[in-house]
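Asks: Here is my input; please provide its structure:
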Amino acid sequence: MTQNSITGFKTGEALIFRGEPFVILSVRTKHLGRGGAIYRTRIRNLKTGTILEKAFRPTDKFETVDLSLQTMSFMYQSEDEVFFMDPQTYDQVSLPIKKIGSFSRFLKEGEKYRLQFIDDQLVGVLPPVKIKRRVIQSPNAVAGNTATSATKRVIVEGDVEIETPLFIKNDDLIIIRTEDGAYVSKAQEKK
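Replies: Predicted coordinates:
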């Protein structure tokens, strides 16, 4: 395993931090003038699923982890595990929900996801940045409450509650940012 500076890592890549494998969820750079830069990261432990927010200097070096990605279809979820299937070989794998984190609420049956493997062992799911979900329950907008950027809470597929603008209604297809579950925009319907 090679040692790389934190500047060489990108979202989705894995590294060894404090003796444990972590995957980078996000990296933000903050320049401090003469003091150099600080790299603020969100990293997830691939063994426990714990998410940490850490700041690193460009001189910090870490071992890389050979993380392979494989696309598989989500099948179903039990109480504490989720199950995926390889569409070519029909092989099935499972993963504890705690290793996926908050993204597990957005999993949709039949949808394909990129799974992370270390030495042929499933360790996590690389969530897409944005997903599309259909609104299944939306309260009507009330006239007169549009003086500010008013919002309402709707329920999308999978019984997930999302805060959206007032113009969203039942059966609309919306785009959601998976990192924080925030509404992004209304999706274009394919005709």
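
Asks: can you list contacts of the one helix or strand residue 43 maps to?
Replies: Assigned by DSSP states H and E, residue 43 belongs to strand 37-45. Under the criterion C-beta atoms under 8 Å, 6 or more residues apart in numbering, residues 6-7, 15, 17, 20-32, 50-58, 101, 124 lie in contact with strand 37-45. Using the backbone N, CA and C atoms, a C-beta is placed for each residue, glycine as well.

Asks: what lines up beside it in the sheet?
Replies: strand 20-31 (antiparallel), strand 51-56 (antiparallel) (DSSP bridges).

Asks: Please state the offset of it from the chain centre?
Replies: Remark: strand 37-45 is offset 15 Å from the chain centroid, using C-alpha atoms, centre = their mean, to the nearest Å.

Asks: May I have that strand exported as PDB, CA atoms only?
Replies: Extracted C-alpha coordinates of strand 37-45, given in PDB (Å, rounded to 0.1, in the frame of the first residue of the first chain):
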ATOM      1  CA  ALA A  37      -4.700  25.000   3.300                       C
ATOM      2  CA  ILE A  38      -6.900  22.800   5.400                       C
ATOM      3  CA  TYR A  39      -8.800  19.900   3.900                       C
ATOM      4  CA  ARG A  40     -12.100  19.400   5.700                       C
ATOM      5  CA  THR A  41     -13.400  15.800   5.200                       C
ATOM      6  CA  ARG A  42     -16.300  13.600   6.000                       C
ATOM      7  CA  ILE A  43     -15.100  10.000   6.200                       C
ATOM      8  CA  ARG A  44     -17.000   6.800   7.000                       C
ATOM      9  CA  ASN A  45     -15.400   3.800   8.700                       C
END
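
Asks: per-domain residue ranges of the protein.
Replies: 3-65, 68-126, 130-186 (automatic domain parsing).

Asks: got TSV for the ones you listed, with mean pLDDT and mean neighbour count too?
Replies: TSV is the format used below for these (pLDDT from 0 to 100; neighbours: other C-beta atoms under 10 Å):
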stretch	mean pLDDT	mean neighbour count
domain 3-65	84	15
domain 68-126	88	15
domain 130-186	84	14
